[in-house]
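1. Sequence and computational prediction follow.
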Amino acid sequence: MAPDVATPPPHSKRVQAWVYAIMNPLIESLGREIRLLSEGNLSWRSYSRRCEYIRPIREYIESSQWPNYEDFIGDQLNARFREHLTRHDHQVSEVESAAARLFIGLTDSNEFQKQVEDSLERYVSAARAKPQYPDLGTTSDLAKVVAEYLINRTSVLPGHYMTHNFWEDYRGHFEHYHNPPSFQELDQAAAALNDTSKGLLADLEDHRHYFCVTYDIPAAPIPIEKSFSADAYLV
């Protein structure tokens, strides 16, 4: 009978696949995720009701490598990650749901709609003397954009955005919406995800180091001169 846990041999290709195709992409993606969360930028989009750059774990991995991902989480050597990965994905869903509820609450609010309408009227009045100010459409359309900016704590927009001038001039009129209780649920969900992602990142980095030392493999494929080898990478 085969043992429950088989110890891979030195230079194991299977362990290399875990490191290169699974752990390295996750470490890179979680690092970006943590930076976004620390800035308050959820990259949440109203049209999809999802975060654009904060994703479930599987979506950080190339689809062609999903079999290696299933192998990674299914092996006892990596068993401690199963619950952690599941918790991360659950908390991503919690953040997206909280953002969607906040978006609906803002855009359905008469007070918020009036604030957008007043700011748009001032913008249109100023635009008469500033022809470079583009038409921003209706109050309803702009309210959705402003709500998304608030959810993502957008401070500065690139100059080519149509709403660049509006947001630069009137962003301060909406900052009070960040105060409790309106953002409390979303902020708590984002903080919980940030803690989970930080812990997961540290565990993955430690686990990668363990694999590299134990199985004598580099932490990433090493490029070599093609003139010396038919292979693009030394693995």
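-> The structure has been received and is ready for your questions. Computed from a prediction, not measured in an experiment: that's the story for all the values here.
2. Going by C-alpha atoms from here, please, whenever you check contacts or count neighbours.
-> Noted.
3. What residues sit buried inside the longest helix seen in the chain?
-> Counting by DSSP state H, the longest helix found in the chain is helix 184-215. Within helix 184-215, the residues scored as buried using 16 or more other CA atoms under 10 Å are 185-187, 189-194, 196-197, 200-201, 203-204, 207-209, 211-212, 215.
4. can you check stretch 7-19 too?
-> Quick answer for stretch 7-19 (16+ other CA under 10 Å): His11, Val15, Gln16, Ala17, Trp18, Val19.
5. Give me the average confidence score over it.
-> Mean pLDDT, stretch 7-19: 91.
6. Ok, stretch 73-80 next?
-> Stretch 73-80 comes out at a mean pLDDT of 95.
7. Pull up the distance across that stretch, start to finish.
-> 9 Å (CA to CA, to the nearest Å).
8. repeat for stretch 17-31
-> 20 Å.
9. next one: stretch 66-85
-> Note: stretch 66-85 ends 14 Å apart using CA to CA.
10. quick revisit: tell me the one of the buried residues of stretch 7-19 nearest Asn41?
-> Val19 (28.7 Å; CA to CA).
11. so where do the strands sit in the protein?
-> Under the criterion DSSP state E, the chain contains strands at 44-45, 50-51, 222-223, 233-234.
12. For stretch 171-182, list every residue counted as buried.
-> Buried, per 16+ other CA under 10 Å, within stretch 171-182: Arg171, Phe174.
13. mean confidence for it?
-> For stretch 171-182, the per-residue pLDDT averages 90.
14. Could you work out the end-to-end span of it for me?
-> 17 Å.
15. Repeat that for stretch 153-167.
-> Stretch 153-167 end-to-end distance (CA to CA) = 12 Å.
16. Which positions within it qualify as buried?
-> If you call a residue buried by 16+ other CA under 10 Å, then stretch 153-167 has these buried ones: Arg153, Thr154, Thr163, Asn165, Phe166, Trp167.
17. Disregarding flanking residues, what is the spatial nearest neighbour of the most centrally placed residue in the chain?
-> Most central in the chain under CA atoms, centre = their mean is Ile54, positioned 1.8 Å from the mean C-alpha point. Distance criterion CA to CA, 6 or more residues apart in numbering; nearest residue to Ile54, sequence neighbours excluded, is Glu33 at 5.7 Å.
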